[in-house]
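*Asks:* Based on what follows, work out the 3D shape:
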Amino acid sequence: MTEITANYDETWKEAIGDYFDSFLTFFYPEIHQQIDWTKTPISLDKELEQITASAKTQNRQADKLFQVWLLDNQEVWILIHVEVQSQYDKEFAQRMFIYNYRAFDLYQKPVISLAILGDETKSWRPNSYQYGLGNSQLLFNFSIVKLLDYQWEDLEQDNNIFAIVVMAHLKTKATTSNLSTREQWKWNLARLLYERGYNRKEIADLYKVIDLMMALSEELQSSFEQKLANYQEGRKMPLLSNIERRAIERTRKQDIIKLLQVRFGNISENLVKNINKIDDTSLLEQFFVSAISVNSVEDFQQLINSNLSESD
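*Replies:* Numbering: from 1, shown residues only. This is a model prediction of the structure:
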């Protein structure tokens, strides 16, 4: 049986990248109020790659780095990390410190470090890193938000886009061993998108978050999509047009190919063609997760071949 792996990192990263303003409004309103929003924030993906590589720590997909300007015209960088581990991580605070000082060391920019803790341990709340001896001490503090602290009733009343992201995250975590319950929550949240008055782009973006994060078995995904199709037909307003759905599938295929090339170098034209033959969105998500952890191109090719054989 294929293991169903929730996609947290990519969904958080894309949501933060697309809705940085809403992210700060929801999680860090005091910081949001100090930013001059007449100047468009700049996403610093290349700089972040160099920072994480220089830090010699595992690259985290959910890290984001932005350049912003405060109301006093000061330029600062905001470094965001979303931690979704389900257990205590003794190196987390040190990693936050390393990323911060490497950003300053490489670029000489003041860095504000923010962490979103999406784990299941309510008591785990790292917010500082310290070392030293006697009067020679270093103390690094960083801001944290614990997703477990949010009350469901409050999230249901909040129209900020990240209320939906948090709800999807919490229910995905809570249903790791009960995919039938996850399918019901996924359906509830997808339907909620219509009831909140979001515009079409917001609905499509949030649907993608829900769909990718709340991964289901093939059978349950089909059940969910059928409910969604019936609901859309009744409302005469499709959540995703066929064009948009094909665009999502095309992007995911490109992501899989790029990831394999980064990990293993050039891949065969035959493998690229086989990847492009797959038109099942949920299956593409499973293959994307497999591409992250698979040991070799040959192993990945076997997974693809197995799927193509079953579909013949």
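*Asks:* contacts for the lengthiest helix in the chain?
*Replies:* Across the chain, the longest stretch assigned as helix under DSSP state H is helix 242-264. Contacts with helix 242-264, where a contact means Cβ atoms under 8 Å, 6 or more residues apart in numbering, come from 204, 208, 240, 267, 271-272, 275-276, 278-279, 281, 284-285, 287-288, 291-292, 296-297, 300. For glycine as for every other residue, the C-beta is placed from the backbone atoms N, C-alpha and C.
*Asks:* Buried by neighbour count: which residues of it qualify?
*Replies:* Buried residues in helix 242-264, defined by neighbour count with 16 or more other Cβ atoms under 10 Å: Ile248, Glu249, Arg252, Lys253, Asp255, Ile256, Ile257, Leu259, Leu260, Arg263.
*Asks:* what's downstream of it, the next helix or strand?
*Replies:* helix 269-276 (DSSP states H and E).
*Asks:* Pull the residues that contact the helix or strand where Ile16 lies.
*Replies:* In the assignment (DSSP H and E), Ile16 maps to helix 9-18. Contact partners of helix 9-18, identified using Cβ under 8 Å, 6+ apart, comprise 23, 43, 60-64, 80, 82, 84, 116, 118, 161-162, 165, 168-169, 205, 208-209, 212-213.
*Asks:* Narrow these to those that are buried.
*Replies:* 23, 60, 62-64, 80, 82, 84, 116, 118, 161-162, 165, 168-169, 205, 208-209, 212-213.
*Asks:* Just the ones of the residues you listed in helices?
*Replies:* Reading helices off the buried ones among the contacts of helix 9-18 with DSSP H, I get Phe23, Ile161, Phe162, Val165, Ala168, His169, Asp205, Lys208, Val209, Leu212, Met213.
*Asks:* any chance of the residues you listed in CSV, plus distance to Leu228 and pLDDT?
*Replies:* Below are these laid out as CSV (distance: Cβ to Cβ, whole Å; pLDDT from 0 to 100):
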residue, distance to Leu228, pLDDT
Phe23, 26, 96
Ile161, 19, 95
Phe162, 22, 97
Val165, 19, 96
Ala168, 15, 96
His169, 20, 96
Asp205, 16, 88
Lys208, 13, 87
Val209, 15, 90
Leu212, 15, 87
Met213, 16, 92
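*Asks:* right, and out of those, which lies closest to Asp149?
*Replies:* Among those, His169 lies closest to Asp149 (Cβ to Cβ), at 12.7 Å.
*Asks:* so what's Phe97 closest to, chain neighbours aside?
*Replies:* Once flanking residues are discounted, Phe97 sits nearest to Tyr129: 4.1 Å by Cβ to Cβ, 6 or more residues apart in numbering.
*Asks:* Sorry, slip of the keys, the one I care about is Val272.
*Replies:* Ile257 (5.9 Å).
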